[in-house]
Structures are given as structure tokens and as C-alpha cells.
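S.K.: Have a look at this prediction, sequence included:
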Amino acid sequence: MKNDIRGFTLIELLVSVFVIALISGIVLANLRSGGNNSQLKTAAQKVASDIRLAQNYSLSYKDFNGADSNGGWGVYFNTGASSRYVIFADQNKNKLYNSSTSEGYATINLPDNISIDSLSLGTRVDIVFLPPDPITFINSSNSTPVEIVLMGQGGQRIKVSVNPWGLVSVGSIY
């Protein structure tokens with residue numbers, strides 16, 4: 001008689017299932033953290049894009065509510081309102097956002113689980129671009145750079161920087 005039965009033993013099947021489950025768990029964990037990182041990078045790029053939008057509005061002398069915007073355009077950040085920021089037209093030409101006036105052009109809400117973690121210049125930052133160059137003013141100074149730090153769900157952070165010449169850059173996640 002030939003005893004040539006081929007197949008897998010129970011131990012071999014259990015080891016195979018364990019290895020597949022372990023690899024699947026690692027892949028899913030990396031996918032989830034990769035998704036969070038992607039959302040944080042996208043939010044930082046959106047912030048940088050909106051700062052550049054204000055800069056472009058200033059360059060093009062975009063009118064605001066039918067009025068001349070020679071005071072420039074800007075973006076206002078506040079750690080007290082860490083889930084949003086405001087694009088504004090500086091109607092009174094003081095190089096600051098005044099929430100009590102009608103300077104606000106658009107309030108931008110950050111995605112869920114993303115917030116403004118810190119601002120390198122304190123709790124408030126006003127970035128204003130004055131036409132025609134546009135000259136960059138950060139908190140009423142044209143010689144101070146600023147870093148806006150966004151924080152994601154898992155504690156990851158990313159910096160958006162603006163220098164006194166109006167260059168906007170996005171760092172890497174840390």
C-alpha cells in the first residue's frame with residue numbers, strides 16, 4: 001500500500017494564518033498613519049495656497065465689496081481659534097485684521113483633527129501684502145519671518161513658513 005497522502009498539517013496552517021494576519025496588520029497600520037500624514041500635508045499646502053492667494057489679490061489690486069483695497073490683502077491666524085483662519089482685505093490700512101469691521105473675505109476651516117498648534121510670533125499672526133510689489137508685513141513688521149505649525153490627529157506636526165520677502169514654504173512632517 002502506498003501511504004502517499006499529501007497535505008498540510010494543522011500546525012503549518014496555523015503558522016501560515018498567523019504570518020498573513022501579522023503582515024496584514026502591519027500594512028493596515030501603515031496605511032492609516034499614511035492617510036493622517038496625507039491629510040496634514042494637504043492642509044499645510046492649502047494654508048500656503050491661501051497665503052499666496054492673498055498675495056496675488058494684492059498684486060492684482062483686487063477690489064473688496066466694491067471698494068478699493070489699497071490697504072492690501074492678508075491672512076489672519078489665531079491660536080485661540082485653532083481650527084480656522086481668515087483671508088481679509090485690509091480696508092483701514094493698519095496691517096492687521098479687525099474682526100469688528102467687515103474686512104473678512106473668507107473664513108477657512110481646517111479639516112477635522114487638524115489644528116493650528118503654534119505660531120512663532122505668539123498667539124496671533126497677521127500676514128499682509130501691500131500693493132504694488134507686494135511688500136510683506138507680518139504683525140505690522142516687514143522684517144520678521146513667521147512659522148505656522150499645524151498639528152494632526154496623531155500629534156504629527158508640519159510648518160508653513162513665510163519670510164519677509166513673501167516666500168511661502170511648507171516643511172516636512174515631524
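M.R.: Now that the structure is in, tell me what you want to look at.

S.K.: Helices of this protein, start to end?
M.R.: Per DSSP state H, the chain has helices spanning 10-59. These are given in chain order.

S.K.: remind me which residues of it are low pLDDT?
M.R.: For the chain, the stretches with pLDDT under 70 are 1-5, 30-36, 66-69.

S.K.: For it, which residue occupies the most central location?
M.R.: Nearest residue to the geometric centre of the chain (CA atoms, centre = their mean): A44, 2.3 Å.

S.K.: if I look at G25, how far off is V19?
M.R.: For G25, the distance to V19 equals 11 Å [CB to CB, to the nearest Å]. Backbone N, C-alpha and C define where each C-beta goes, glycine included.

S.K.: correction: D133
M.R.: Using CB to CB, one obtains 62 Å as the distance from D133 to V19.

S.K.: OK, contacts around Y76?
M.R.: Y76 is in contact with Y85, V86, F88, Y97, R124, V125, D126, I127, counting by CB atoms under 8 Å, 6 or more residues apart in numbering.

S.K.: okay if I get those residues as JSON lines plus distance to F64 and neighbour count?
M.R.: Shown next, in JSON lines, are the contacts of Y76 (distance: CB to CB, whole Å; neighbours: other CB atoms under 10 Å):
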{"residue": "Y85", "distance to F64": "17", "neighbour count": "24"}
{"residue": "V86", "distance to F64": "13", "neighbour count": "20"}
{"residue": "F88", "distance to F64": "9", "neighbour count": "28"}
{"residue": "Y97", "distance to F64": "13", "neighbour count": "24"}
{"residue": "R124", "distance to F64": "21", "neighbour count": "15"}
{"residue": "V125", "distance to F64": "21", "neighbour count": "24"}
{"residue": "D126", "distance to F64": "16", "neighbour count": "23"}
{"residue": "I127", "distance to F64": "17", "neighbour count": "24"}
